[in-house]
Structure formats: structure tokens, C-alpha cells
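1. A structural model of the following input is requested.
(chains A and B)
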Amino acid sequence: DAKTTQPTSMDCAEGRAANLPCNHSTISGNEYVYWYRQIHSQGPQYIIHGLKNNETNEMASLIITEDRKSSTLILPHATLRDTAVYYCIVRVHSGNTPLVFGKGTRLSVIA
Amino acid sequence: DAGVTQSPTHLIKTRGQQVTLRCSPKSGHDTVSWYQQALGQGPQFIFQYYEEEERQRGNFPDRFSGHQFPNYSSELNVNALLLGDSALYLCASSYNSGTGRNTIYFGEGSWLTVV
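-> Reported below is the predicted structural model:
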């Protein structure tokens, strides 16, 4: 079973920041937080991952709380192409531990 | 740099038939995993191949089998197809390092319809 809890759906106005929350209260010390997204009918796309520090790349920022029990994925300027299902996953980063997907958050970016 | 590639993109099979799906991993990756995604659900882990051996397996019956070749490419075989096997089959690849470089990347998937 997935170790994360996410809202089922969210809306965001185009051009505004999209903030997607994720709860992972049972995360272990060696588990990272990963975010993937899946645009309709395509394979999941890796976005970002982090352990305990905030992370930023060209796609998004990841904010992890100090106790690591929750995190927020931030898309700074959402566009219509960001409409997708976003999955938050906790996973041990070493070795080849499989990803365990939950139901994710369906983000709709509205013009 | 080619990403994960899968073939075929779409296929239709009849109940009881067998199907083979193919995957080439991202350049530099040596580990291939397969996932099944039913409509409206998140992907479910089927199994993982590394060094041409099945290393981990999810909760799938023996009708699902696979193979990894020396060039790291992989096949997923499903025998005795059931209507419930209709799904998007995703191949994912990664590099089996102790730390760091084992982010998992996915292909676009193969849509299987069983009629």
C-alpha cells in the first residue's frame, strides 16, 4: 500500500503557483520523497525528489517539513500543459526499490 | 539521449492468447521494471530485472513472466490472457547504484486490450 496521502483533485488558475500537498507521516529515515506526474495516456514523468532539504529544479520546487511528515510540490507558474495526475511517493533511494503509487492528485489548470 | 522506449504502442489480443511487450532502457541504465496500470488506477509493480535475472516481484500470477537481454533490454510476456489484463503496461529503467543515480524513468507504455 502507498505510504502517502494526497487530495483527490485540485484546481489552479493558469499563471498562478500550484501547491500540491502530500502527507507521509510514517516515512522512514532513509526514505526520500519523490514526485511524478502523468499526463493523460502517457507514462509517468519524474519531477523531483528530496530527503529533508528543500529542492528546486527547472520543473518545480519541493518543500519538506522539518519533521518530514509532509511535503508540498510547487509549480511556480502553472500552464495548461501542467494538467495531470501528480503522484507523491516515498522510497528508499539506494538500490532498486520499486515505486508504490497511490491514487495521486488530479490537478486541473484552468485558463 | 534516448529515453525509455516501448513497443508496440497499442495492441489488441483475444482471451487465451499470449502477448509479448518490449522495452529498451534509457541509455546508461541496467535495471528494468514493469508496471501495470488499469484504467483510473495508479501503476502497479509487476517485476524487476537486473543482470538478466528477476530480482523483485509484485503480486502478479505466474502468467506474467519476463526476460532481460545482455544489452539490458527487456520483454514482458503474459500468457492465457484474461479480459482483466487489459491495461497500460509501463516499462521503467534505472541504474543500480548504491547511492544517487537510481531515479526511475518511465516509457510511454503499451496499451493492451483483451477482447
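2. how about the strands in chain A?
-> Per DSSP state E, chain A carries strands over the ranges A:9-13, A:18-23, A:31-38, A:45-50, A:55-56, A:61-64, A:70-75, A:84-92, A:105-110.
3. Around chain A, which positions in chain B sit nearby?
-> B:4, B:31, B:33, B:35, B:41-45, B:48, B:50, B:55-56, B:58, B:88, B:90, B:92, B:94, B:96-100, B:102-109 (C-beta under 8 Å from any C-beta of the partner chain). Placement of C-beta: from N, CA and C, glycine included.
4. want to try a markdown table for the strands of chain A, with mean neighbour count, mean pLDDT and distance to B:Gly84 as columns?
-> As requested, these are arranged in a markdown table below (neighbours: other C-beta atoms under 10 Å in any protein chain shown; pLDDT from 0 to 100; distance: least, C-beta to C-beta, whole Å):
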| stretch | mean neighbour count | mean pLDDT | distance to B:Gly84 |
| --- | --- | --- | --- |
| strand A:9-13 | 14 | 97 | 27 |
| strand A:18-23 | 20 | 98 | 30 |
| strand A:31-38 | 22 | 96 | 21 |
| strand A:45-50 | 18 | 96 | 27 |
| strand A:55-56 | 16 | 96 | 39 |
| strand A:61-64 | 19 | 98 | 36 |
| strand A:70-75 | 20 | 98 | 33 |
| strand A:84-92 | 22 | 95 | 22 |
| strand A:105-110 | 17 | 98 | 24 |
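5. out of these, which comes closest to B:Cys23?
-> The closest of the strands of chain A to B:Cys23 is strand A:45-50. By C-beta to C-beta, the value is 16.7 Å.
6. dump the residue contacts of the residue lying closest to B:Gln68 once chain neighbours are set aside.
-> Once flanking residues are discounted, B:Gln68 sits nearest to B:Tyr49: 3.7 Å by C-beta to C-beta, 6 or more residues apart in numbering or on different chains. The neighbours of B:Tyr49, taking C-beta atoms under 8 Å, 6 or more residues apart in numbering or on different chains as the test, are B:31-33, B:55, B:66-68, B:74.
7. Narrow those to those in strands?
-> Among the contacts of B:Tyr49, DSSP E puts B:31-33, B:55, B:66-68, B:74 in strands.
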